Every structure is written in C-alpha cells, then in structure tokens.
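> one predicted model, sequence on top.
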Amino acid sequence: MQAYLTLVRRELGGFFTSFTGYTVLAVALLLNGLSFVGMIGYVNGRPTPEPITELYYQNLFFWIILLMAAPAITMRSFALEKDTGTFETLMTTPVSDRQVVAAKFTGALIFYVLLWLPLLANALVLRHFGGASGAFDFGLLGSTACGILLIGGVYMSLGIFASSLTRSQVTASMISFALGVTLFMLSFAGAGLATNESWVSAVIEAVNLRRHMEGFAGGVIDTRAIVLPLSLTALFLFLTLRVVESRRWK
Amino acid sequence: MENGFMIDVANLVKDYASYRALHNLSFSVGRGEIVGLLGRNGAGKSSTMRILSCFMPATAGTASVAGFDVFTESYEVRRRIGYMPENNPLPPEMRVREYLKFRARLKGMTRVHSRQRVDAVLEQCSLTEVSRKLIGHLSKGFRQRVGLADALVHDPELIILDEPTIGLDPNQIRSVRALIKSLAQKHTVLLSTHILPEVEMTCGRVLIMEQGRILADDTPENLQNHMNPEGMVRAEIAAPLEALQEWLADWASISRYDIAPGQGEYFVCSLTPHEGADLRESVYGECRDRHWNLRELTRARFSLEDIFVHVTRHNREEEH
C-alpha cells in the first residue's frame, strides 16, 4: 500500500512539474468557461424544462475535453518512463506490476477529476443566482459527477493502455485518441442501426457511452451505464497489466 | 540460503529473437566481494545484470541472489538489491533529496527511517550541497552519484552497477571508484565495465565476458600474471654498461636479459627470471648496494585488449 501511495503522489507531482499538465488544465478551463458562457446565453431570461446539467452536457464540450485531455494526461504514464529508462529502475524496486498500473491509473484519474472542478464552481454560481429550483439540485450534480468519473475512468485506462504499448509519447497519444474517438463514434453508429433487430445493434446500443452519459446528466442512473464503464476500465487495466508483465515472459 | 553465495548463476541462457546473448553462463559471488564483469560492448554484461535485478527473465538456467530465485522469488530479491542501470536514468524534474526520498519510500522504508537514510547517503555520496537542486541541472558526475545514492539508500545486501563510471571525467571517475571501494565493508558489489584499470582499482575479482561466455574468472593480479607467466621485469638503471653486463651475466636467478640504451646515462634492462620468480626486490637491493640510480622497476603490464586476445586464443587452443 505504501508503494502504491508513493507512486500515486509521484504521478500527480509529475503532472504539476510538466508543461503538458498545465496546458491541459488551461485548455480544459477555457473550454469549461466557453461552455458555461454558452449555457448562460441559452438560459438567460427564459425557462427551461431540462435540468441544467443536461443542458451543459448537450453542447459537446464535455466530449471535446474528454477526447483531447485523456491522451494528453495519460501519454506520459508508461511511454515517458520507458523512453527515459526510469521504467527499469522502477520495476527493479520491490513493487508489483499491479501496484504500478493501479498507481498510474489513480494518478491520471485524480488529475482528470481536477480538470472538472471548475464545473462545480460554475454550477454553484448558477444555483446561487438562479435560485434553488427543481431543475437543479445536488442529486443531479452528483449523478453527473458520477458519469464524468465513470466515463473518465474508461478513457484514462484506455490512454494508459496505449502508453504501455510504446516508448513514444506522441505515438501513445495518437493510439489513445484514435481508440477514444472510435469508442465515442460507436454512440452514433447505434443511431444508424436503431431499427435493425440484430444482435449487432444491441451490442452497439449497449456501448453507447453518449446515451449513458445523457442518463447521468439527466439524473437517471441505469445499471448498464455503470457496468459498462467499469467493465471497460477493468478490461483496459487488465490489458495494461499484461503488457507490463510481458517483459517477464520467457 | 544454502550455499552461502550472494549470487549464484548456473547455466544461464538469454535469447533475443534469433540472437543468443548468454551461453550457459555460470558463476558465483561470495558475500562482501567486489566483482567486476569485464567485457566489450555486447559481451552480455548488461543482460546478466538485468536478469539478476529481476527486470527480465532468462531463457533457461537459474540465478539466485542471497538464496532467492530471481524469477520465482523476485520480490525478495528486489528487496535485497540496489541496481544502477547503464546510463543511469533519473527524472530531471525532481530535486535530489525529493528523488531519494521517493525511492526510499518505494523500497518500503518508513518515513523516519527514509529521512535518516537519505541524509546518510547524501553525506556518503557527497551530495549534501546539491540536495535541493533539480537533477536535470546537475553535472554528469553528480547525476552518477545520485544514481549510486539511490542504489544505496535502502542499505541493500547486493549492489549491481552497470558501467558506473561511463562518461565521467578523470576526477569524477576517481571519486566514484573510491566510493565503490568504500562499499566493500558492508555490501557485495557486482559492477560491469569495459575498462581494465577500473576493475584493477576497485575489484577483488574479475570475470571476463565475451559473446555471452565467461572466458576468465580470477583476481586482476592473477590475470596479469597469466599474461606474463615468465614474470618479466623492466628496470631503468644508471650504471656503467660493463658493470651492468657483468652483474646480469653472473646472476643465477635470471634465464635471459636484454639491455637497451635509455635516456642519458640510463639503460633499459628487461629481465626474465627462472620459474616466474619476482625479481623486483632483488633488483632494487642490488642497485642500492652498488649505489646505482634506479628510476623505473616494473613487471610488464597488459591492456584489456591483450588479455582478451590471450584468453580467447587460449580457449580456442583448448577447444581444438
């Protein structure tokens, strides 16, 4: 446990001593701000039947931040260590491969959560000036945060998996971005196959992350929407672990 | 621990795709020894060290550290070793003390103990004055010492150093060698190098590797003696030529001698004794008694290249 916590702290420290870390924070802050301004313009002076979190989620800024930030946050996790050689000094200390993968994932997820903290401030500002109406409450905010965390977990684990495959950060970010966009686009593939009864459309519907996130933002928490991201996260972390272990395969 | 060895390697084989880097390598290292793996680039030194430090497995054979198998009991092995890889990779964005503290905690030390050990290794490696500096801003010599401090911070039983003096200037090399030598009292050290004087100055034993095989396993002194089995001695003596010739011709301890004119009044004498005896004390005593000036007295020295050629030729002859 001590080694795990030490590694998590080191991972987080790495973000705050790198140019990439601050760039990601700044861009996410800018996009969050733009999204907030757009939403204020939309709701200004007129009633809306939808919860404010759903309005925020509908403008796609969420996905832009997620798809861009995930590769930037995770590309360094293994690729940088392999490139500089510190991977060798890390793996010859008494830490398990599992601890290393878990710590890198936790560090990335914590940094990802930090990206969304301004959203909380935005929501509180809206609540303060808009009054505590039924369209906006802490339950909704909680379910949206839950969605952001779960979907973020998928993208962070995917990015870490991509990073474990290569020693080049650029290649890692490209693999992560390509896989991330593909996963996101499956949500739209589902719409095209909606009338088809085949098992393919059922599978594509099940992996419709956009629909699941819509549910979280609207305050509806479906079991499928929880199981899918958790399964995908576990799958990518398992694959990462296998890649890390592969150096010890005979 | 059954056999008392710190390192015990038996029939180790390592294949990289179609290339065999290690061929049935077998050797052992006792506790408290400083052993040098000497060989050219690509001889298999780094592969051996990476296997011993549990970073990668061997294709076949067994290796154990302090009685623990490096593959099946790798956690126990990693607790007992301090490893500095070739090129000494370090995170440039961390400060020296911060990095050593991070490594100490990673190696399972408590907060209080890690603070004490970090202070101790900073002192031991003469890093106290740069402890607050960023590693990326340090000179190569200091960075090398940070790598050594990292290998030492948890007070391991075995220290594995892959090319610890590569890329350093002569002063830095001297200080790193002195540091390694000082470790002998408490630790077992396995270091690799391709510089012969390095093992002569720091190691009690040397393993010469070539193409994944051990060609020789001996003390540096014995290796030199093998190269010079006749014990040939070279002396520069200022003396009248006739007196010198008379003395050497009458000396029963030598089988051959050669006198060549040197600078000024000096003559360069090459003396080959009977049955490898060491002539140096006798030569010095004779010059002192006869009041001749003596300005050089040495046994013939050989380079790494000479030893390689000698050992490989010897091995080939044995094979045929």
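In hand now; what should we look at? Given the structure is predicted, the values throughout are model-derived calculations rather than measurements.

> host element of B:Ile208?
Secondary structure from DSSP states H and E places B:Ile208 in strand B:205-210.

> what about that strand, average pLDDT?
Averaged over strand B:205-210, pLDDT sits at 88.

> again, but for stretch B:55-65
Across stretch B:55-65, the per-residue pLDDT values average to 92.

> who's in contact with it?
With Cβ atoms under 8 Å, 6 or more residues apart in numbering or on different chains as the test, stretch B:55-65 has contacts from A:88, A:91-92, A:247-250, B:5-15, B:22, B:24-26, B:50-52, B:69-71, B:77, B:80-81, B:83, B:158. C-betas here are computed from N, CA, C, even on glycine.

> can you do 6 Å?
A:88, A:91-92, A:247-248, A:250, B:7-15, B:50-52, B:70-71, B:77, B:158 (Cβ atoms under 6 Å, 6 or more residues apart in numbering or on different chains).

> that stretch: end-to-end distance?
By Cα to Cα, to the nearest Å, the extent of stretch B:55-65 from end to end equals 14 Å.

> point to the residue nearest the middle of chain B.
The residue lying closest to the centre of chain B (Cα atoms, centre = their mean) is B:Val199, at 2.5 Å.

> phi, psi for the residue lying closest to that residue once chain neighbours are set aside please.
Distance criterion Cβ to Cβ, 6 or more residues apart in numbering or on different chains; nearest residue to B:Val199, sequence neighbours excluded, is B:Gly36 at 3.5 Å. Note on B:Gly36: backbone dihedrals following degrees, to the nearest 10 are phi -110, psi 130.

> which residues touch B:Gly36?
B:Leu191, B:Val199, B:Cys203, B:Val206.

> same question, B:Leu168
B:Leu168 touches B:Gly141, counting by Cβ under 6 Å, 6+ apart.

> where in chain A is pLDDT low?
Chain A contains residues with pLDDT under 70 at A:45-59, A:130-136, A:190-197, A:250.

> how about the residues of it by chain B?
A:3, A:6, A:10, A:17, A:84-86, A:88, A:91-94, A:247-248, A:250 (Cβ under 6 Å from any Cβ of the partner chain).

> at 7 Å what do you get?
A:2-3, A:6, A:10, A:17-18, A:84-86, A:88-89, A:91-95, A:247-248, A:250 (Cβ under 7 Å from any Cβ of the partner chain).

> quick one: the helices in the stretch 51-200 of chain B, in order.
Under the criterion DSSP state H, counting those that start in this stretch, the stretch 51-200 of chain B contains helices at B:74-80, B:96-106, B:111-124, B:140-152, B:170-182, B:196-202.

> now those helices as a markdown table including mean pLDDT?
Output for the helices of the stretch 51-200 of chain B, formatted as a markdown table (pLDDT from 0 to 100):
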| stretch | mean pLDDT |
| --- | --- |
| helix B:74-80 | 92 |
| helix B:96-106 | 94 |
| helix B:111-124 | 92 |
| helix B:140-152 | 91 |
| helix B:170-182 | 83 |
| helix B:196-202 | 79 |
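
> save those as CSV, and put in distance to A:Met156 too.
As requested, those are exported to CSV (distance: least, Cβ to Cβ, whole Å):
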stretch, distance to A:Met156
helix B:74-80, 27
helix B:96-106, 22
helix B:111-124, 29
helix B:140-152, 29
helix B:170-182, 41
helix B:196-202, 46
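
> which one of the ones you listed lies closest to A:Trp116?
Across these, the minimum distance to A:Trp116, taken as Cβ to Cβ, is reached by helix B:96-106, at 27.9 Å.

> now do the closest one against helix B:140-152, angle only.
20 degrees (axes from the mean of the first three to the mean of the last three Cα atoms, to 10 degrees).

> picking up where we left off before, wait, isn't the residue nearest to the centre of chain B in contact with B:Leu37?
No - counting by Cβ atoms under 7 Å, B:Val199 stays clear of B:Leu37, with 8.7 Å between them.

> show me what from chain B comes close to chain A.
For chain B, the contact set with chain A under Cβ under 7 Å from any Cβ comprises B:53-57, B:59, B:75, B:78-79, B:83, B:85, B:87, B:89, B:91, B:93, B:102, B:105-108.

> any of the residues you listed buried? List them.
Restricting the residues of chain B next to chain A to buried positions leaves B:53-57, B:78-79, B:83, B:85, B:89, B:91, B:102, B:105-108, with burial counted as 16 or more other Cβ atoms under 10 Å in any protein chain shown.

> residue in chain A nearest to chain B?
Using Cβ to the nearest Cβ, the single residue of chain A nearest to chain B is A:Gly85, 3.0 Å away.

> that residue reaches B:Asn88, doesn't it?
No - counting by Cβ under 7 Å, A:Gly85 stays clear of B:Asn88, with 8.2 Å between them.

> who has more neighbours, those two?
Each of A:Gly85 and B:Asn88 has its neighbours counted (other Cβ atoms under 10 Å in any protein chain shown); B:Asn88 has more, 23 against 16.

> what's the closest non-adjacent residue to the more buried one?
B:Gly147 (3.8 Å).

> scan chain A for its longest helix.
Scanning chain A for the longest helix, with DSSP state H as the assignment, gives helix A:138-164.

> C-terminal to that one, what's the next element?
Counting by DSSP H and E, what follows helix A:138-164 is helix A:169-192.

> next, the angle from the next helix-or-strand element following that next one to helix A:169-192.
Sequence order places helix A:199-206 as the next helix or strand after helix A:169-192, per DSSP H and E. Angle, helix A:199-206 to helix A:169-192, by the same axes, to 10 degrees: 120 degrees.

> got the confidence number for the closest residue to the residue of chain A closest to chain B other than its chain neighbours?
The shortest distance from A:Gly85 to any non-neighbouring residue, by Cβ to Cβ, 6+ apart, is to B:Pro89 (3.0 Å). B:Pro89 is assigned a pLDDT of 92 by the prediction.

> which residues sit in contact with the residue nearest to the centre of chain B?
Listed by Cβ atoms under 7 Å, 6 or more residues apart in numbering or on different chains, the contact set of B:Val199 reads B:Gly36, B:Leu38, B:Thr193, B:Val206, B:Pro220.

> for the third one, give the beta-bridge partners.
Beta-bridge pairing for B:Thr193 (DSSP bridges): B:Leu38.

> centre-most residue in chain A?
A:Gly152 (1.9 Å).

> can you tell me which residues contact it?
A:Gly152 neighbours (Cβ under 7 Å, 6+ apart): A:Leu66, A:Leu109, A:Tyr112.

> just confirm the first one contacts A:Tyr155, I think it does.
Yes - using Cβ under 7 Å, A:Leu66 makes contact with A:Tyr155 at a distance of 5.7 Å.

> who has more neighbours, those two?
For A:Leu66 versus A:Tyr155, neighbours defined as other Cβ under 10 Å are more numerous around A:Tyr155 (29 against 23).

> what about B:Val29, which SS state?
Assigned with DSSP: H, G, I helix; E, B strand; the rest coil, B:Val29 falls in the strand class.

> tally of neighbours for it?
Applying other Cβ under 10 Å, I find that B:Val29 has 21 neighbouring residues.

> now swap in B:Met94 and tell me
Number of residues near B:Met94 (other Cβ under 10 Å) recorded here: 21.

> cool, A:Val125 as well?
Applying other Cβ under 10 Å, we find 12 residues neighbouring A:Val125.

> what helix or strand is it located in?
Using DSSP H and E, A:Val125 falls in helix A:117-130.

> identify each buried residue in that helix, please.
Neighbour counts over helix A:117-130 (16+ other Cβ under 10 Å) mark A:Pro118, A:Leu119, A:Asn122, A:Ala123, A:Leu126, A:Arg127 as buried.

> same deal with stretch B:186-195?
For stretch B:186-195, the buried set under the neighbour-count rule, 16+ other Cβ under 10 Å, comprises B:His187, B:Thr188, B:Val189, B:Leu190, B:Leu191, B:Ser192, B:Thr193, B:His194.

> can you show me the strands along chain B?
In chain B, the strands defined using DSSP state E lie at B:5-16, B:19-30, B:34-39, B:60-65, B:68-69, B:81-84, B:158-162, B:188-193, B:205-210, B:213-218, B:233-238, B:254-261, B:266-273, B:293-299.
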